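Q: Have a look; sequence and predicted model below, questions after that.
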Amino acid sequence: MNTPKLNINALSLTVIFALSVLNVQAESILIRDARVHTMSKAGTLGHTDVYIEKGRIERIGEDLEITTVGVRVYDAKGRSLTPGLFAGITNIGITEVSGVEETSDGRLALQEMRPEFDVVPAYNPNSSLVPVTRIEGYSFTLLGAGAQGSIFGGQGQMVSLDGGYESFFGDPVLFINVGRDTSSLSGGSRAAQWMLLHQAMDEADRPPLPSESSLLTRAGRGALSVYANSGRVVFDVDRASDILETLKFAAKYGFDPVISGGAQAWMVAGQLAAARVPVLLDPLVNLPRNFDSIGARLDNAAILQASGVTVAINGAGSHNARKQRQMAGNAVSYGLSHNAGIAAITSNPARIFGVSDKQGRIQRRMPANVVLWSGDPLEVTSVAELVIINGRVMPMESRQTRLRDRYLPENPDMPRAYIKP
Amino acid sequence: MHLKSLLALLPLLLASSLGTVLAEPYPSTYSPLPSEAVLITHATILTGTGERFDDASLLISEGKIGFVGDGEIPEGVTTIDASGRWVTPGLIDVHSHLGVFASPGVKAHSDGNEMTDPTTPNVWAEHSVWPQDPGFSRALAGGITSMQVLPGSGNLIGGRGVTLKNVYSRSYQGMKFPGAPHGMKMACGENPKRVYGERKRLPSTRMGNMAAYRAQWISAQRYTDDWAAYEKKVADGKDDVKAPKRDLKLETLAGVLKGDIKVHMHCYRADEMLTILDMAAEFGYQVSAFHHGVEAYKIADKLAENQVCGALWADWWGFKMEAYDGIQENIAIVDRPEGSCAIVHSDSSEGIQRLNQEAAKAMTRGNRVGLDISPERAIRWITANAAKSLGIADQTGTLEAGKMADVVIWNDNPFSVYAKAEQVFVDGAMVYDRNNPELQPVSDFELGQLQGTSE
């Protein structure tokens, strides 16, 4: 049974079993009386039931009549049900302890241009970060490659946080870093980053002769060629002028660009909207943490959204990815609508990365990725109470809840090593 | 008094410089900004003493808290109707690097970690503080009225910390909290042993850390004794006594042994914190607060017993091995025992802007496991308890008559992601008003930026 372990009164979550059922993969689940944030055209539906069968959302409506035997029923008592949240671009499952090198596989330290570097084979669903993140309501993340220090970070892919070994979905994504973090590869000049990027694209198009020096391996050329045909490329870039240069570059080579960072994106909101280029941003960035971020402001998300740019939240990191919804809440506090705040961590990232059929909405026939909240999903005093990923009720346990439950009792007789929650 | 007699007094002044503020060099030049009497009415007030008043008044007069609740209202007072709004003490962050790791975070601004020697009690963070850090203004908009700026954690003993009033000034002296004791930053665990171990010098292990701290304390004890012996000779009227040579490192450490300087110790692991408490007993000093302490929940009882505060994050974990056991209930569990002193700190130019949200998360996690923490209790984590650990609780940190009028008016319950500080008072002066751009300070660095484009 996956009843939440904590304080059932506080949860006020009643779990009713029509019949005693085993925790099998494809459960039938009925969530009664929820405020359903569908994040689709249907909008937000009060006092609505959601019925899940065989991993999919089968029915959404008021007072559903379900006659299936063995349905797990949850009474939401009017509380919010959202799609599973997007944890951002992270190294969840790629890193365990950031400071312990042998557990951190998200960055390639080779001082070479290796766009073919792909972090996906390093993904470990047994990482403690997977449950730590998902019990806070997060159902998917984009595995990121090589944060800084190289122009081509490498490639990653979306993964469901259901703990599967093969839970990847969507098309691969290439990461390119531009701006202040000029790698040693570019000789220290921002202009040379573009020089090298153009040279790399040229090589992908027309392999260099044996007599010519080359930036890329054959595999690297192959990888770039794939992306040059409307592939999704995340450009980590903050400065307005660099963003505009990125738009030109992406247009020239046929990339489908996504801006990540975008501290000065608000200054070029019109151009981004016209080019239909989305922005992943950290809405808490309001300091000139470097010269590329002068003018960073808390209403960046609101300005972009109002200009017609699709905005998603990113930047809480891997271990504390659960901060994403607090960040969304702050964006709402600074002008984003509440619904847009939720969209920025559900439907928008799903749409930006072409996985709207898998994540980000509560819609009939879609995989069931839903979260029931104790209160306002964006509020710091709310918590996730029920997390369903791909139709399975996730146990609300992690290494952290075990540590908590080991140390909560006061003055135990035996050492706490004997308390094994 | 002419020069000769002044010179005769000098050794005494120096001797007392181990302790009193009399001869304090680099003195505070802070003086409160102009203020007027203000009566805040119909507010929900969290006093920081554990009390909550609903639909209540608070008087600010002559820079001090006049009363909370009822009292005599001076003539000509300006009234602020705070219906639907909340009032708290000004927030205090006990762990900031504003000014010493200023924005923009370029190498030229990296002034917080003197990593050329594992023990540098001789350096003072205040000598690195850049008062034009834009971060001060952002912290102010988050309701921060005081903060301790600390050196970093690369060294075992990082140097002295300084407590500042969050007001812009041409100098750090103009921000320096009058009469606040210095802090001394120490660090356990991975950082110092990594920094120096990589250079193949002590410490490269945790046992090396301990050996190095202890050697310093032994020297400090000797230094204290030498000065005591000298002062006794002077007091006994002996002629021709030579003062011991001043040593900036040992002066700081001796200040700790004397109880004048507060130890703020970066320490993650429970077992290490307990070892440090044994060391404090060995040398006879008090640890004011363990900072970061992601495992503090494992020793909540010991922290309370030893009257040591835990200055903690709501949810940071996993960025290094010693941070692997972090849990979101840490602060709430540390808060649980009788006599506890839980503090929410930031260590971050972003976090310092939202200490209220961090406290809200910690409160929520505590309540989810049945610890029953009210806002009036949790507000102490970012006000009264913080003031206590810094040694400024007599002046600020609570809304009590006679204390500095460091006050925040929030548009809503501060334990919400949507709450914003609307007005911030420091010593009774309104130094921030969200609705009045004229009362929103801008640092020199940010003035006049981004004027190039014509679009």
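A: On my side now, so go ahead.
Q: where does chain A have low pLDDT?
A: Applying pLDDT under 70 to chain A flags the ranges A:1-26, A:147-149, A:182-184.
Q: what does the stretch 301-421 of chain A have sitting close to chain B?
A: Applying CB under 8 Å from any CB of the partner chain, we find that the stretch 301-421 of chain A lies next to chain B at A:318-320, A:322-323, A:326, A:329-330, A:332-333, A:378-383, A:400-401, A:403-404, A:407-408, A:410-411, A:416. The C-beta positions use only the backbone N, C-alpha and C, and glycine is treated the same way.
Q: Show me which of those are buried.
A: For those, a burial check counting by 16 or more other CB atoms under 10 Å in any protein chain shown picks out A:318-320, A:322-323, A:326, A:329-330, A:332-333, A:378-383, A:400-401, A:403-404, A:407-408.
Q: Check which helix or strand B:Ala311 maps to.
A: strand B:309-312 (DSSP states H and E).
Q: moving C-terminal of that strand, what's the next helix or strand?
A: helix B:330-335.
Q: ok, back up a step: mind checking which of the buried ones among the residues of the stretch 301-421 of chain A next to chain B are in helices?
A: A:Gln326, A:Gly329, A:Asn330, A:Val332, A:Ser333, A:Gln400, A:Thr401, A:Leu403, A:Arg404, A:Tyr407 (DSSP state H).
Q: Check these and tell me the two furthest apart.
A: A:Val332 and A:Tyr407 (34.6 Å; CB to CB).
Q: related to what we said a few turns ago, which of the ones in helices among the buried ones among the residues of the stretch 301-421 of chain A next to chain B lies closest to chain B?
A: Comparing those against chain B with CB to the nearest CB places A:Gly329 closest, at 3.5 Å.
Q: check contacts around that closest one.
A: A:Gly341, A:Leu378, A:Glu379, A:Val380, B:Val417, B:Tyr418 (CB atoms under 8 Å, 6 or more residues apart in numbering or on different chains).
Q: For stretch B:202-222, buried residues please.
A: Those would be B:202-204, B:206, B:208-210, B:212-213, B:216-217, B:219-221, for stretch B:202-222 by 16+ other CB under 10 Å.
Q: check whether it contacts chain A.
A: No: Stretch B:202-222 does not reach chain A (CB under 8 Å from any CB); its nearest approach is 15.2 Å.
Q: Kindly report the same for stretch B:176-192.
A: Yes: with CB under 8 Å from any CB as the criterion, chain A is reached by stretch B:176-192 at B:Glu190.
Q: Ends of that stretch, what's the gap?
A: 28 Å (CA to CA, to the nearest Å).
Q: do the same with stretch A:258-266
A: Stretch A:258-266 has an end-to-end distance of 15 Å (criterion: CA to CA).
Q: Name the residues that touch that stretch?
A: So stretch A:258-266 is contacted by A:89, A:173, A:179, A:232-240, A:243, A:246, A:272, A:277-282, A:285, A:289, A:292-297, A:299-300, A:303-304, A:309, A:314, A:352-353 (CB under 8 Å, 6+ apart).
Q: For the stretch 51-200 of chain A, which segments count as helices?
A: For the stretch 51-200 of chain A, the helices defined by DSSP state H, counting those that start in this stretch occupy A:129-134, A:190-205.
Q: before we move on, what about the stretch 201-350 of chain A?
A: So, for the stretch 201-350 of chain A - with DSSP H, counting those that start in this stretch - the helices run A:218-227, A:240-253, A:269-274, A:300-306, A:324-333, A:338-343, A:347-352.
Q: Of those, flag the one that's most buried.
A: Comparing the helices of the stretch 201-350 of chain A by mean neighbour count (mean count of other CB atoms under 10 Å in any protein chain shown), helix A:324-333 ranks first with a mean of 27.
Q: Give the other helices and strands that the longest helix along chain B contacts.
A: Longest helix in chain B, counting residues (DSSP H): helix B:206-235. The helices and strands touching helix B:206-235, judged by 3 or more CB pairs under 8 Å, 6 or more residues apart in numbering or on different chains; DSSP states H and E, are helix B:3-17, helix B:190-197, helix B:248-258, helix B:270-283.
Q: Could you point out which residue ranges in the stretch 101-250 of chain B have low pLDDT?
A: In the stretch 101-250 of chain B, no residues with pLDDT under 70.
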